[in-house]
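In: dropping a prediction and its sequence here:
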Amino acid sequence: MNTLLEKNARLNLLGPPLKKIQYLIPIPVLVVAVIGWFIPDFWKTGLFTLFSLPLLCLGGVVREIMRLRILKRRLPAELYQETVLKVGRASMIGYFVPVLLFYVGYHFPQYSGVAFAMILIWVLVITLFVSKLNSTAKQLDPAFVTMREIEQYRKPGN
């Protein structure tokens, strides 16, 4: 019962600020994409893919950094170091590697198929790794709240 109350308290404390961040990053990215829509020959040159993928990944990294700052202020230091920081770092690395593989595939067209396959494999591996880290964090602290739980959280009465 204490675990349930602690988890609910964390959701009440962390939910609102992190839910704002959830929407803060994608909106500027969409604005840039809409502006790019009206630039002549933007789609034909292939600049949209070279431009948008790194922009989306950079937006994800900025979002993770903002989340980590909020969680660092609101969670005990020991719990933050053992759980949240590891998951955040893995997520940030997960954003950078596909961009690197994408550029390798772009600059070396003969390896583009291999680079695409590696991107798909990397996404699967990092998803499984973050899931494993989350389950390990739940074992260390049963009241651990994952980012998915925070993003799906709704205040009671809403």
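Out: Received the coordinates, thanks. Residues are numbered from 1 along each chain as shown.

In: make it CA atoms for all contacts and neighbour counts henceforth
Out: Will do.

In: on the three-state scheme, Pro142 is what?
Out: coil (DSSP: H, G, I helix; E, B strand; the rest coil).

In: now swap in Val145 and tell me
Out: coil.

In: what's the neighbour count on it?
Out: When counting by other C-alpha atoms under 10 Å, one arrives at 20 neighbours for Val145.

In: same check, this time on Val125
Out: 13.

In: pLDDT on the helix or strand harbouring Ile121, on average?
Out: Using DSSP states H and E, the element containing Ile121 is helix 112-140. Taken as a whole, helix 112-140 carries a mean pLDDT of 84.

In: buried residues in that helix?
Out: Of the residues in helix 112-140, 112, 115-116, 118-119, 122, 126, 129-130, 133-135, 137 count as buried by neighbour count, 16 or more other C-alpha atoms under 10 Å.

In: isn't Met92 up against Leu58?
Out: No: the criterion here is C-alpha atoms under 8 Å, and Met92 misses it with Leu58 at 9.1 Å.

In: so which residues of the protein form helices?
Out: Secondary structure of the chain, counting by DSSP state H: helices at 2-24, 26-37, 47-74, 77-79, 85-107, 112-140, 147-152.
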